[in-house]
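Undergrad: Fold the following and give me the result.
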Amino acid sequence: MENTKKGFMGFLQRHWLVIVTGIVTGAAAVALTKLGNPPNMGFCIACFERDIAGALKFHTFGATQYFRPEIVGLVIGAMCMAMIKKEWRPQGGSSPFTRFILGMLVMIGALVFLGCPLRMVIRIGGGDVNALVGLAGFIVGIVVGTFPLRFGFSLNRAYKQKAMEGLLFPIILVVLLVLSLVTNLFVRSTEGPGSKHAYWLIALGIALVVGALCQRSRLCMAGGVRDAVMFRDFHLVYGFIAIIVTVLIGDLIFGSFKFGTEGQPIAHTDGLYNFLGMALVGWGSVLLGGCPLRQLVLAGEGNSDSAITVFGFIAGAAVSHNFGLASGGTGIGEGPVLWVLIAGFVILALLSVFNIKRQKA
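TA: Next up is the predicted model:
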């Protein structure tokens, strides 16, 4: 009994922070949904950046246009925590254009699936079996992405930059948020997912807390699976298990849990495209060194390469909607989705091979 207790307490001592972050993130997703965000989308980095792209008129799909304050809150929360802990370090210059392209591909894959890795686990917690198919694709994509890592894949080193380089992205986000509140420059959906949102100040406050916790815990969906595959280290995996369990409990309490594939909110049942979309997300996220949530946190820590990656996400969202690649609740988009996914995998393969650094003899 004593050994069991010691083992459990030791487990908590090692993993308590990432587990708490997962619980808070899951609770935040449930709370934001109850406060007005779309069902099973209390927190979705891809969906929120897609809505921001629409608000900025980068695409004109009327159902997904709203400047989401959660994105601002995540970045500012991470920045404040990094500064408090003296971990705010302006740096960049690590293959920025490659990262921009990778960001676009990750977003295209996410919108084929209809969600980022964070929404994937939120959907699983809500009973959406389609998301389990996406999880399988996500894991396969990450496993494929670990092979170039084992052979020395690298996007080159980042360099120390001036403070303004690290501050510029958070400043831009804050300015855009203020403009979205006090002017009519940006578009707002009157129907569809973009029309559903929590009150901006509450959404911002919740995201600040989540961003600060994610900065401390290094929570990352892609990083968790990558570490489990490469090092048998499940530390980060416990974080998104905590998200799933918390969302499950929350949805059961509020009566919004629905198990199955049919009739899930803002989701489709095409297993092939759920799998392929998240496989593209997994592979691309491994090459980037983090999932979309992690990229926002890194941008808050002063990493201008991650800020460029976020702009790649937003550009990918615009491309997805402008060319019929984004899925909807009734199925995949009307554009050449399969061909674009194949092209995306080819590009990832080329980037994987040509960024392997040869070891010096």
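Undergrad: Next, residue 335: phi, psi?
TA: phi -80, psi -170 (degrees, to the nearest 10).
Undergrad: And for residue 351?
TA: The phi and psi values for residue 351, taken as degrees, to the nearest 10, are phi -60, psi -40.
Undergrad: For residue 112, see how far away it is.
TA: According to C-beta to C-beta, to the nearest Å, residue 351 and residue 112 sit 19 Å apart. Quick note: C-beta positions are derived from backbone N, CA and C, even for glycine.
Undergrad: quick one, which of these two is more surrounded?
TA: Neighbour count, other C-beta atoms under 10 Å: between residue 351 and residue 112, residue 112 has more, with 30 against 21.
Undergrad: Let's verify the more buried one: helix, strand, or coil?
TA: Using DSSP: H, G, I helix; E, B strand; the rest coil, the secondary structure recorded for residue 112 is helix.
Undergrad: which residue packs closest to it, ignoring adjacent ones?
TA: Once flanking residues are discounted, residue 112 sits nearest to residue 277: 3.3 Å by C-beta to C-beta, 6 or more residues apart in numbering.
Undergrad: did I read that right, the one you found in a helix?
TA: Yes: using three-state DSSP, the secondary structure at residue 277 is a helix.
Undergrad: wouldn't it be in contact with residue 134 here?
TA: Yes: the pair residue 277 and residue 134 passes the contact test of C-beta atoms under 8 Å, sitting 7.0 Å apart.
Undergrad: more neighbours, the two?
TA: residue 134 (33 against 30).
Undergrad: rewinding a little: now do the contacts for the residue nearest to residue 112.
TA: When the contact criterion is C-beta atoms under 8 Å, 6 or more residues apart in numbering, the partners of residue 277 are 109, 110, 111, 112, 113, 134, 137, 327, 341.
Undergrad: same check, this time on residue 295
TA: Residues touching residue 295, when contacts are defined by C-beta under 8 Å, 6+ apart, comprise 103, 288, 306, 309, 310, 313.
Undergrad: Turn the residues you listed into CSV, columns for secondary structure and neighbour count.
TA: As requested, those are arranged in CSV below (DSSP: H, G, I helix; E, B strand; the rest coil; neighbours: other C-beta atoms under 10 Å):
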residue, secondary structure, neighbour count
103, helix, 26
288, helix, 25
306, helix, 28
309, helix, 30
310, helix, 25
313, helix, 30
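Undergrad: Sort out which one of the residues you listed lies nearest residue 60 for me.
TA: The shortest distance between residue 60 and any of those, using C-beta to C-beta, involves residue 313 and amounts to 18.5 Å.
Undergrad: tell me which element the nearest residue to residue 58 once chain neighbours are set aside falls in.
TA: The spatial neighbour of residue 58 that comes closest, neighbours along the chain excluded (C-beta to C-beta, 6+ apart), is residue 318 at 3.8 Å. Using DSSP states H and E, residue 318 sits within helix 304-322.
Undergrad: Check which residues of that helix are buried.
TA: Buried residues in helix 304-322, defined by neighbour count with 16 or more other C-beta atoms under 10 Å: 304-321.
Undergrad: And stretch 330-342, by the same measure?
TA: Of the residues in stretch 330-342, those buried under the neighbour-count criterion (16+ other C-beta under 10 Å) are 332, 333, 335, 337, 340, 341.
Undergrad: isn't the first one right up against residue 114?
TA: No: shown here, residue 332 and residue 114 do not form a contact pair, counting by C-beta under 8 Å, at 9.6 Å.
Undergrad: and for these two, which residues touch both?
TA: In terms of C-beta under 8 Å, 6+ apart, residue 332 and residue 114 are both contacted by the residues residue 268.
Undergrad: ok, residue 248 touching residue 256?
TA: No: with contacts defined as C-beta under 8 Å, residue 248 does not count as touching residue 256, sitting 10.7 Å away.
Undergrad: Mind listing the shared neighbours of those two?
TA: When contacts are counted by C-beta under 8 Å, 6+ apart, the set common to residue 248 and residue 256 consists of residue 126.
Undergrad: and which of the contacts of residue 295 is nearest to residue 58?
TA: Looking at the contacts of residue 295 and their distance to residue 58, the nearest is residue 313, at 11.4 Å (C-beta to C-beta).
Undergrad: how much space between that closest one and residue 130?
TA: Computed with C-beta to C-beta, the distance linking residue 313 and residue 130 is 22 Å.
Undergrad: overlap in contacts of residue 277 and residue 134?
TA: Jointly contacting residue 277 and residue 134 under the rule C-beta under 8 Å, 6+ apart are residue 113.
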